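[1] Below is the structure, and that's it, no one-letter string:
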């Protein structure tokens, strides 16, 4: 594998982490907005939606943290591989990168769904 490809992998990891940081900030703000919205009179169905969204924000913030950490570890592994293997990555490192990409895509889809649920709730 050539150096350009490994720098591309590092750039991808950095882009994923940046996006996850933005989601973390957004969902932290959404938790506060939800708390304010919960202060108004709500129907039983709306209260259930508030509880559901609170749980989702909590769970997804944990998921964001965990994936961000895994990506950070992957970057360190890539750096180590490059130093120890004459500028080459091990096949396991490439495989882990692909796994992380799949996890990132799945989490991104889930976060978009939660975002949509929250926006729908705010419109009610």
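    That came in fine, so what should we check first? Source: prediction; values computed, not measured. Numbering: from 1, shown residues only.
[2] tell me the mean pLDDT for the helix ranked longest in the chain?
    The longest helix of the chain (DSSP state H) is helix 44-84. In this model, helix 44-84 carries a mean pLDDT of 96.
[3] now do stretch 21-30
    98.
[4] Buried ones in that stretch, by neighbour count?
    23-24, 27, 30 (16 or more other CB atoms under 10 Å). In short, each C-beta sits where N, CA and C put it, glycine included.
[5] and the residue of the chain positioned farthest from its centre, backbone torsions?
    Going by CA atoms, centre = their mean, the residue of the chain most distant from its centre is residue 41, 32.6 Å out. Here is the backbone geometry of residue 41 (degrees, to the nearest 10): phi -60, psi 130.
[6] Quick one: residues contacting it.
    Residue 41 sits next to no residue when contact means CB atoms under 8 Å, 6 or more residues apart in numbering.
[7] mind checking how far it is from residue 67?
    Using CB to CB, to the nearest Å, residue 41 is found at 37 Å from residue 67.
[8] likewise residue 110?
    Residue 110 is 11 Å from residue 67, where distance means CB to CB.
[9] What of residue 74?
    10 Å.
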